[in-house]
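Enquirer: only geometry, no sequence info:
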């Protein structure tokens, strides 16, 4: 009798469930909704942080602390993603377990309940929150940055373990980090942006030229020796003037011989005409020393040198001889396309040059008048 009483006093498992959480359906379903909201929170946060524009966020970071925190979190991308995945998996597993308990307690079909929960989580916990978060990525990232930062530090030990494990796997299998975006993928992205109307054809071309620009070498765009226009030591001033006027160049290389390989300096048109106006005869005094570069130098590097030295032209030397020239305009044309003028003469420089030419013409006319007067007197 005593044994029977003890057996009757041992409650069955369903009674334990009825005396627990499932005994109050409101709490059970409320907890399920809360877990669904948390799933939506983690999913939307992941999308917001992976979608927001870094440029926009950096601009917002000038005045908003939340923007600075958001950028800091995304800089630790692997740990941030680990935090999101840990949190999302916890709430999804808890939600699925709770839904199963509810199904058992309420005598629902566990299969039907699983389907309902899966569809609900997929729509309300994944698709919908991610779609909405992407539309307002910057604002949403700043809105949730404080709670996700707290969770980041709570889950930090676990995230660190995952990070170390990830590095170990990469080391074992010799997996190398691939770039976030290849050059080909970026070009496709620019094409898509242009089709959407964000960029026009000129802007698109400029962006794509900028990509290629970084890989170009001096030898790719230089003017080769056979095409270089230059003057020679011993050329008369009239000859030099004719070449300046014929090609409308603002500067000319000067060579020691008839070979381009012996060019050694630069004559500037402005200084040349000033020399004529002032009746100076020393051409060597206006010959400028050129910048010397190599054919295998990147044009981006040469551009910095030209800018630093305030020069517009460089001579290309290989095996101790000049094989061509390259100008600042050649480099710029690789970015913006063909420029109408052969050399980029600034407006104020051109105006000064025109004035110098006018003065030279006036002086020549005055000399002609003097010569004519002398001739008349002799007559």
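Expert: Perfect, I can see it now. Note that the coordinates shown come from a computational prediction; the quantities given were computed from them, not determined experimentally.
Enquirer: hey, let's count contacts and neighbours off CA atoms from now on
Expert: Fine.
Enquirer: What number of residues are in the vicinity of the nearest residue to residue 231 once chain neighbours are set aside?
Expert: Among residues not flanking residue 231 along the chain, residue 254 sits closest, at 4.8 Å (CA to CA, 6 or more residues apart in numbering). Here the count is done by other CA atoms under 10 Å, and residue 254 has 23 residues near it.
Enquirer: Where does residue 254 sit: helix, strand or coil?
Expert: strand (DSSP: H, G, I helix; E, B strand; the rest coil).
Enquirer: contacting residues around it?
Expert: 230-233, 263-267 (CA atoms under 8 Å, 6 or more residues apart in numbering).
Enquirer: what about the closest residue to residue 155 other than its chain neighbours, neighbour count?
Expert: Excluding the flanking residues, the one nearest residue 155 by CA to CA, 6+ apart is residue 83, at 6.0 Å. For residue 83, the count of nearby residues is 24 (other CA under 10 Å).
Enquirer: Can you get me a residue count around residue 91?
Expert: Around residue 91 there are 20 residues (other CA under 10 Å).
Enquirer: following the worst-scoring helix or strand of the chain on mean pLDDT, which helix or strand comes up?
Expert: Lowest by mean pLDDT, DSSP states H and E among the helices and strands of the chain is helix 13-18, with a mean of 40. Counting by DSSP states H and E, the next helix or strand C-terminal to helix 13-18 is helix 25-51.
Enquirer: Can you list the buried residues in stretch 70-90?
Expert: 70-71, 73, 79-84, 87-88 (16 or more other CA atoms under 10 Å).
Enquirer: Can I get these in TSV including distance to residue 337?
Expert: Shown next, in TSV, are the buried residues of stretch 70-90 (distance: CA to CA, whole Å):
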residue	distance to residue 337
70	39
71	37
73	41
79	45
80	44
81	43
82	47
83	48
84	47
87	52
88	51
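Enquirer: Which one of those is nearest to residue 30?
Expert: Nearest to residue 30 out of those is residue 88 (CA to CA; 18.1 Å).
Enquirer: quick one: the helix or strand the residue nearest to residue 155 falls within to helix 25-51, angle?
Expert: Secondary structure assignment for residue 83, by DSSP H and E: helix 77-105. Relative orientation of helix 77-105 and helix 25-51, computed by axes from the mean of the first three to the mean of the last three CA atoms, to 10 degrees: 160 degrees.
Enquirer: returning to that earlier point: in terms of distance to residue 274, which of the buried residues of stretch 70-90 ranks first?
Expert: residue 71 (57.9 Å).
Enquirer: Quick check, that closest one in contact with residue 57.
Expert: Yes. In this structure residue 71 lies within contact range of residue 57 using CA atoms under 8 Å: 7.2 Å.
Enquirer: Tell me where this protein has strands.
Expert: Using DSSP state E, the strands of the chain run over 223-224, 231-232, 251-255, 263-268, 287-288, 291-293, 313-318, 321-327.
Enquirer: could you give the mean pLDDT of the fifth one?
Expert: When you say that, I think you mean strand 287-288. What strand 287-288 shows for mean pLDDT is 94.
Enquirer: what does the last one give?
Expert: With pLDDT averaged residue by residue, strand 321-327 scores 95.
Enquirer: That strand - which strands sit beside it in the sheet, and in what orientation?
Expert: strand 223-224 (antiparallel), strand 313-318 (antiparallel) (DSSP bridges).
Enquirer: Pick the most deeply packed of these.
Expert: Ranked by mean neighbour count under mean count of other CA atoms under 10 Å, these are led by strand 313-318, which reaches a mean of 21.
Enquirer: before we move on, the earlier item: let's have the strands of the chain in JSON lines, adding distance to residue 186.
Expert: Below are the strands of the chain laid out as JSON lines (distance: least, CA to CA, whole Å):
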{"stretch": "strand 223-224", "distance to residue 186": "31"}
{"stretch": "strand 231-232", "distance to residue 186": "46"}
{"stretch": "strand 251-255", "distance to residue 186": "39"}
{"stretch": "strand 263-268", "distance to residue 186": "41"}
{"stretch": "strand 287-288", "distance to residue 186": "43"}
{"stretch": "strand 291-293", "distance to residue 186": "32"}
{"stretch": "strand 313-318", "distance to residue 186": "33"}
{"stretch": "strand 321-327", "distance to residue 186": "29"}
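Enquirer: closest to residue 41 out of those?
Expert: strand 321-327 (56.8 Å).
Enquirer: Now for residue 123, how many residues are close by?
Expert: 14.
Enquirer: how far away is it from residue 312?
Expert: 62 Å (CA to CA, to the nearest Å).
Enquirer: what's the answer for residue 322, then?
Expert: Counting by CA to CA - residue 322 and residue 312 are separated by 17 Å.
Enquirer: any idea where the helices of the stretch 101-250 of the chain begin and end?
Expert: Shown for the stretch 101-250 of the chain, the helices assigned by DSSP state H, counting those that start in this stretch span residues 110-122, 128-135, 137-154, 156-172, 183-195, 201-213, 218-221, 237-247.
Enquirer: Low-confidence regions, this structure specifically.
Expert: 1-23, 338-379 (pLDDT under 70).
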